[in-house]
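> This is the structure alone, sequence omitted:
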């Protein structure tokens, strides 16, 4: 208290002298007295506000935590004491939203607070905590206890019934300690998904990327199902999977037998996990060769390659059947279907203008369905601009 008085005196005195100097050096007479009075009043206001802020900043404090929670779980809300000195008695009442929380117990009580008594009250839903000790205890930055709640809903307020709270020191007679009380809350810790993974169709031996987006997730784990979602297992980095713990999963050189596999992402796998919708991978591949090689039966090329806008697709049809030419991006997105029709035996040329495609690497898939089976082959195309 002495230091505050000295501070007040020095500050006021300094302001007073500054006002005097201004008065003497700049103005005279009655007008000078008015200016001097104005500066002196201003100085005292500044001093008063500064001291008020200083006192409030140094007040002891009791704080309830703000905790992220998962629905249908339990949560421990800490009660923390800061700059509490020579404390001999604590009586506090804490209200909570019984639509969001159900009181369970008081746990992890600081050993210095042996003999603490608590009770659960209703109308309103309230927790009463009482503790006394003959010798004073200091709580400089201490978690006094944890309040355990069952979570019914993912957000709610936990606040002090301040008008009923009282903390006293251990002096005789006891003196009430002025304390700042800071309320707490619970909030949803589960992440939100802003973009779900999408189904993909790709040619075999090309890359495919599945993506998920979340503004608040702290971790990601991609999973794969090979039995239409009946069971799932988590993926790890290897020669086939990349980005298994990021927002983007890349499957490299997709094997033909990955057709109809499902992929999903688990966000925040450690706590409050949220699972994305599953995405289906369709691998557009040969369904049967009848002992023959696709490459020996089907011929596909494009000229020029690389190309800037227009290229000519040339392909040979071994027998009457249905021909499909599809253009895929490196991520497996279908960019165009230049041909999808019945053909007779022979060689064909189709000039295509791909000016709408950005520069990059693409694959042209040639699928032929004839009387002897289904065949496919691919051609890598490079667009330069």
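On my side now, so go ahead. None of the values given here were measured: they were computed from a predicted structure.

> so what's residue 133 closest to, chain neighbours aside?
Spatial nearest neighbour of residue 133, chain neighbours left out: residue 88 (5.8 Å); criterion: C-beta to C-beta, 6 or more residues apart in numbering. No exception for glycine: its C-beta is placed from N, CA and C like everyone else's.

> so the one you found is in which element?
Taking DSSP states H and E as the definition, residue 88 sits inside strand 74-96.

> chain center to that strand: distance?
Distance of strand 74-96 from its chain centroid, counting by C-alpha atoms, centre = their mean, to the nearest Å, is 30 Å.

> which neighbours does it have in its sheet, and in what orientation?
strand 61-64 (antiparallel), strand 126-151 (antiparallel), strand 156-160 (antiparallel), strand 166-169 (antiparallel) (DSSP bridges).

> List the residues that contact the residue nearest to residue 133.
If you count contacts by C-beta atoms under 8 Å, 6 or more residues apart in numbering, residue 88 has them with 132, 133, 134, 135, 136, 137, 168, 169, 170, 171, 174.

> mind listing what the second one touches?
The one in question is residue 133. 87, 88, 89, 112, 113, 115, 170.

> can you put the residues you listed in CSV and add distance to residue 263 and pLDDT?
Shown next, in CSV, are these (distance: C-beta to C-beta, whole Å; pLDDT from 0 to 100):
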residue, distance to residue 263, pLDDT
87, 57, 96
88, 62, 95
89, 60, 96
112, 53, 94
113, 52, 95
115, 57, 94
170, 64, 93
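
> Filter these down to just the buried residues.
Using 16 or more other C-beta atoms under 10 Å as the burial test, the contacts of residue 133 include 87, 88, 89, 113, 170 as buried.

> Present those as JSON lines; the columns should include distance to residue 76.
Shown next, in JSON lines, are the buried ones among the contacts of residue 133 (distance: C-beta to C-beta, whole Å):
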{"residue": "87", "distance to residue 76": "23"}
{"residue": "88", "distance to residue 76": "27"}
{"residue": "89", "distance to residue 76": "25"}
{"residue": "113", "distance to residue 76": "16"}
{"residue": "170", "distance to residue 76": "29"}
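
> Between the contacts of residue 88, which sits nearest residue 81?
In terms of C-beta to C-beta, no member of the contacts of residue 88 lies closer to residue 81 than residue 137, at 9.4 Å.

> The closest one contacts residue 112, correct?
Yes: look at residue 137 against residue 112 with C-beta atoms under 8 Å: they come within range, at 5.0 Å.

> Give me the pLDDT for the residue lying closest to residue 318 once chain neighbours are set aside.
Nearest residue to residue 318, sequence neighbours excluded (C-beta to C-beta, 6+ apart): residue 297, at 5.2 Å. pLDDT recorded at residue 297 is 75.

> Who are the packing partners of the helix or strand in which residue 381 is found?
Assigning secondary structure by DSSP H and E places residue 381 in strand 373-383. If contacts are counted by 3 or more C-beta pairs under 8 Å, 6 or more residues apart in numbering; DSSP states H and E, strand 373-383 sits against helix 294-297, strand 299-303, strand 360-370.

> Next, the buried residues of that strand.
So, applying 16+ other C-beta under 10 Å, buried residues of strand 373-383: 373, 374, 375, 376, 377, 378, 379, 381, 383.

> got the end-to-end distance for stretch 210-222?
End-to-end distance for stretch 210-222, by C-alpha to C-alpha, to the nearest Å: 9 Å.

> Identify the residues contacting the closest residue to residue 195 other than its chain neighbours.
The shortest distance from residue 195 to any non-neighbouring residue, by C-beta to C-beta, 6+ apart, is to residue 213 (3.7 Å). Residue 213 is in contact with 193, 194, 195, 247, counting by C-beta under 8 Å, 6+ apart.

> sorry, back to before: turn the contacts of residue 133 into TSV, including distance to residue 162.
Output for those, formatted as TSV (distance: C-beta to C-beta, whole Å):
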residue	distance to residue 162
87	17
88	20
89	17
112	24
113	21
115	24
170	22
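
> Please work out which residues outside stretch 266-278 touch it.
For stretch 266-278, the surrounding residues in contact (C-beta under 8 Å, 6+ apart) are 68-70, 188-193, 196-197, 212, 214, 217-223, 225, 229, 234, 262-265.

> first to last residue in it, what's the distance?
Using C-alpha to C-alpha, one end of stretch 266-278 lies 10 Å from the other.

> In that stretch, which of the residues would be classed as buried?
266, 267, 268, 269, 272, 274, 276, 278.

> what mean pLDDT does that stretch have?
Average pLDDT, stretch 266-278: 88.

> Kindly report the same for stretch 208-220.
93.

> ditto for stretch 339-349
94.

> Show me what counts as buried in that stretch.
Neighbour-count burial for stretch 339-349, counted by 16+ other C-beta under 10 Å, picks out 339, 343.

> what about that stretch, distance to the chain center?
Averaged C-alpha coordinates place stretch 339-349 at 52 Å from its chain's average position (C-alpha atoms, centre = their mean).

> if we can go back for a sec, JSON lines for the strands paired with strand 74-96, including distance to residue 353?
Putting the strands paired with strand 74-96 into JSON lines (distance: least, C-beta to C-beta, whole Å) gives the following:
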{"stretch": "strand 61-64", "distance to residue 353": "67"}
{"stretch": "strand 126-151", "distance to residue 353": "59"}
{"stretch": "strand 156-160", "distance to residue 353": "61"}
{"stretch": "strand 166-169", "distance to residue 353": "81"}
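
> who's in contact with the nearest residue to residue 132 once chain neighbours are set aside?
Counting by C-beta to C-beta, 6+ apart, residue 132 lies nearest to residue 89, which is 4.5 Å off, once chain neighbours are set aside. Counting by C-beta under 8 Å, 6+ apart, residue 89 touches 131, 132, 133, 166, 167, 168, 170, 174.
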